[in-house]
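K.L.:
predicted coordinates and the sequence they were generated for:
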Protein chains: 2
Amino acid sequence: MEAKVRVALDAMGGDYAPGATVQGAVEAAREYGIGVQLVGHEEQIRAELARYDTHGLDLAITPTDEVIAMDEHPATAVRRKKNASLVVALELARSGQVVGAVSAGNSGAMMAASLFVLKRIAGVDRPALGTVMPTRTGTTLVLDVGANTDCKPEYLQQFALMGAVYMERIFHINRPRVALLANGEEETKGNQQVQETHRLLKESAPRLGLNFIGNIEGRDIPAGAAEVVVCDGFVGNVVLKLSEGLAETLIAMLRSQMTSNPVNTLAAAVLKPSLKQLFKRLDYAEYGGVPLLGVNGVAVIAHGRSNAKAIKNALRVARETAEQGVVTAIAEGLARLGTSGEQRAEAGV
Amino acid sequence: MEAKVRVALDAMGGDYAPGATVQGAVEAAREYGIGVQLVGHEEQIRAELARYDTHGLDLAITPTDEVIAMDEHPATAVRRKKNASLVVALELARSGQVVGAVSAGNSGAMMAASLFVLKRIAGVDRPALGTVMPTRTGTTLVLDVGANTDCKPEYLQQFALMGAVYMERIFHINRPRVALLANGEEETKGNQQVQETHRLLKESAPRLGLNFIGNIEGRDIPAGAAEVVVCDGFVGNVVLKLSEGLAETLIAMLRSQMTSNPVNTLAAAVLKPSLKQLFKRLDYAEYGGVPLLGVNGVAVIAHGRSNAKAIKNALRVARETAEQGVVTAIAEGLARLGTSGEQRAEAGV
């Protein structure tokens, strides 16, 4: 029974692997009861495991010596290295030996390999990578954040559907508000791509069961105006990186002001427990990672800088994505879209 | 003499006009010795002026009763209301009665009217609106932030040149670093538009005297990796609004944590003076506004939410932009580009 709900982890992927990956696996097994199939250098994994009390935990190893480095060209690396740890992890997911695969390694390679090994869900043009961002009132999923730089309106429509399914199933939000990121709230705002997507989403939302609320601006993301924010991967990547950079810069500026003299340092010490709560909400590691939405299986892409906590949470996300039937729900949603698309084509509309 | 360096101010423009505009004009006259030609409802302006001691200050009124509201359609409003306060302010600049015009009103209308009244500098395809953002190490100009949603690579090339001139002349930065905003630092990153712009900028930078440092990511903006960040108006608008929204949200979260109990409130009071310095750096009002770059004259567009301090600083920016010869310098730079462009065309390249 336990072996059935194992998640495969690319033990060699990420800036702090295999130390952080193995530690994250141990913590996920201990805290969440998740079985983890560690994929990578057997000796290195054993050496890391030896540092923890793993008694009674469901941790197994699938040995492979091939690894895709962070700076390798994604598609080329995946084509050449059939036994790379992240590829093997995905193969375990495809064959049903595990319920999903997690990697914090080369994200381009993980995306390419997921597409190659798991294939797309019928009706999906382009799988999308999302990121969960904390807002003033809760959390929001922004997608795509880097899988697709040039997008057609139809891709963005599919992102909207996939994002809504994810927030419903994983964050248990009833009828999540879906918004299109633009440079103004009015329907007439946006570049050509966004204006066309707006028309497409507005027209298809009822049929798809989407709670489409229209355009939102950049300021509305942190304000929490929507639970799903749709944009192309170029814009989404700027949003993701800018948000991370701004939060880091603001916190650094704050820290420097707070310790600029002994009295400030003392006052800051008093505030520390409260501020910790805030910083925790802003910590990407709390969210772990997000699955590549649109592939026919569970492939979670974690941040390259993942620490043990991020890995632990990414493993939890993988299990939940599998348990909550996200892939099936996306397939069903796209079937609704697909059929109607064909009907429209038949009618010559 | 004093009348020669007057700046025209749309006294009716902005969420807090005419109170904030008149107060800002008084402060600019008092602190910076700027002459201000207030354009708008004469009685309302006089009533506001009566609240201050304006003895010895160079403040004059050009009366007009027509006003463009914040929610009017820009182009239509400008076409119909020839005597609108922001149009009249620009006419004063065009005729040389003042050195520039400032408005915190309907920014779309101010852009349309600037183009209509002042015309473009020869060689400029699209004027651009920039925003000055604080970074960890200084300030950076991001442009375009909303004047042009769909851009050709040639437009972005011109933005780069205009932005560099502005940061050199107004912020006195020697050979400002110019970067292209993308989803990765490598030359191969970016959507199609960005990849083409990268090639164009790399090839033309030596001829244009640009210190082009290549692509940067969203996180590099607050880190201060470049003094000029080039992007299209859609992406730039998302960057601007997201930055404002994130800073507001983080500060609100911080304030709420800092006052969550009496001990925290006390500690926060100790930190207040230091935090004020930080918040001041993040305050848009310190920067006032940025001229619409590429029009043949000085037209400064201030934030709709401008308070008196923002208006005061926008008036200062207008005078400096005129004194530092930004328009002439842009014209000279574009002449270098234009000639080469024609030469290429003649050679059939």
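P.N.:
Arrived safely, thanks for sending. Numbers count the residues shown, from 1 in each chain, chains lettered A, B, ... in the order given.

K.L.:
residues in the stretch 101-250 of chain A within reach of chain B, list them.
P.N.:
Selection of the stretch 101-250 of chain A residues close to chain B by Cβ under 8 Å from any Cβ of the partner chain yields A:135-136, A:146, A:149-150, A:181-184, A:190-192, A:194, A:217-223, A:231-235, A:237-250. The way it works is simple: take the backbone N, C-alpha and C, and place the C-beta from them, glycine included.

K.L.:
emit the PyMOL select command for whichever of those are buried.
P.N.:
Entered in PyMOL, the line below selects the buried ones among those, by 16 or more other Cβ atoms under 10 Å in any protein chain shown:
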select buried, chain A and resi 135+146+149+181+182+183+184+190+191+194+217+218+219+220+221+222+223+231+232+233+234+235+237+238+239+240+241+242+243+244+245+246+247+249+250
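
K.L.:
which of the residues of the stretch 101-250 of chain A next to chain B fall within helices?
P.N.:
Among those, the residues falling in helices (DSSP state H) are A:192, A:194, A:220-223, A:233-235, A:237-250.

K.L.:
dump stretch A:311-326 to CSV, keeping only the CA atoms.
P.N.:
Taking C-alpha atoms only, stretch A:311-326 is exported to CSV below (Å, rounded to 0.1, in the frame of the first residue of the first chain):
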residue,chain,number,x,y,z
ILE,A,311,11.7,19.8,-1.3
LYS,A,312,9.5,18.5,1.5
ASN,A,313,6.7,20.8,0.3
ALA,A,314,7.2,19.9,-3.4
LEU,A,315,6.8,16.2,-2.5
ARG,A,316,3.6,17.1,-0.7
VAL,A,317,2.3,19.0,-3.7
ALA,A,318,3.1,16.1,-6.0
ARG,A,319,1.1,13.7,-3.8
GLU,A,320,-1.8,16.1,-3.5
THR,A,321,-1.8,16.7,-7.2
ALA,A,322,-2.1,13.0,-7.8
GLU,A,323,-4.6,12.3,-5.0
GLN,A,324,-6.9,15.2,-6.1
GLY,A,325,-7.0,14.0,-9.7
VAL,A,326,-5.8,17.2,-11.2
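
K.L.:
show me which residues of it are buried.
P.N.:
Within stretch A:311-326, judged by 16+ other Cβ under 10 Å, the buried ones are A:311-322, A:324, A:326.

K.L.:
got it, and stretch A:143-163?
P.N.:
Going by neighbour count (16+ other Cβ under 10 Å), the buried part of stretch A:143-163 is A:143-149, A:151-153, A:155-163.

K.L.:
quick check: mean pLDDT of it?
P.N.:
In this model, stretch A:143-163 has a mean pLDDT of 93.

K.L.:
for that stretch, measure first residue to last.
P.N.:
7 Å (Cα to Cα, to the nearest Å).

K.L.:
run the chain-centre distance for it.
P.N.:
Relative to the centre of its chain, stretch A:143-163 is centred 14 Å away, using Cα atoms, centre = their mean, to the nearest Å.

K.L.:
that older thread, possible to save the buried residues of stretch A:311-326 as a markdown table with pLDDT, secondary structure and distance to B:L59?
P.N.:
Shown next, in a markdown table, are the buried residues of stretch A:311-326 (pLDDT from 0 to 100; DSSP: H, G, I helix; E, B strand; the rest coil; distance: Cβ to Cβ, whole Å):
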| residue | pLDDT | secondary structure | distance to B:L59 |
| --- | --- | --- | --- |
| A:I311 | 96 | helix | 64 |
| A:K312 | 97 | helix | 65 |
| A:N313 | 94 | helix | 61 |
| A:A314 | 96 | helix | 62 |
| A:L315 | 97 | helix | 67 |
| A:R316 | 95 | helix | 65 |
| A:V317 | 94 | helix | 62 |
| A:A318 | 96 | helix | 67 |
| A:R319 | 96 | helix | 69 |
| A:E320 | 94 | helix | 65 |
| A:T321 | 95 | helix | 65 |
| A:A322 | 95 | helix | 70 |
| A:Q324 | 94 | coil | 66 |
| A:V326 | 95 | helix | 64 |
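
K.L.:
got those residues as a markdown table, with distance to chain B columns?
P.N.:
Formatted as a markdown table, these follow (distance: Cβ to the nearest Cβ, whole Å):
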| residue | distance to chain B |
| --- | --- |
| A:I311 | 22 |
| A:K312 | 25 |
| A:N313 | 21 |
| A:A314 | 21 |
| A:L315 | 26 |
| A:R316 | 25 |
| A:V317 | 23 |
| A:A318 | 25 |
| A:R319 | 30 |
| A:E320 | 27 |
| A:T321 | 25 |
| A:A322 | 29 |
| A:Q324 | 29 |
| A:V326 | 25 |
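
K.L.:
let's verify the residue nearest the centre of chain A: helix, strand, or coil?
P.N.:
Using Cα atoms, centre = their mean, the residue of chain A that lies closest to the mean C-alpha position is A:V290, 1.7 Å off. Classification of A:V290 using DSSP: H, G, I helix; E, B strand; the rest coil returns strand.

K.L.:
is the nearest residue to it once chain neighbours are set aside in a bridge, and if so with what?
P.N.:
Closest residue to A:V290 apart from its sequence neighbours, by Cβ to Cβ, 6 or more residues apart in numbering or on different chains: A:G130 at 4.6 Å. Following DSSP bridges, A:G130 is listed with bridge partners A:L143.

K.L.:
surely A:G130 and A:V145 touch.
P.N.:
Yes. If you go by Cβ atoms under 8 Å, A:G130 and A:V145 touch, sitting 6.4 Å apart.

K.L.:
pLDDT score for A:F234?
P.N.:
The model's pLDDT for A:F234 equals 94.

K.L.:
now swap in A:E346 and tell me
P.N.:
44.

K.L.:
then A:L254?
P.N.:
Value for A:L254, per-residue pLDDT: 80.

K.L.:
distance of the closest residue to A:M253 other than its chain neighbours relative to A:R79?
P.N.:
With Cβ to Cβ, 6+ apart as the criterion, A:M253 has its nearest non-adjacent residue at 5.4 Å, and that residue is B:L278. B:L278 sits 50 Å away from A:R79, going by Cβ to Cβ, to the nearest Å.
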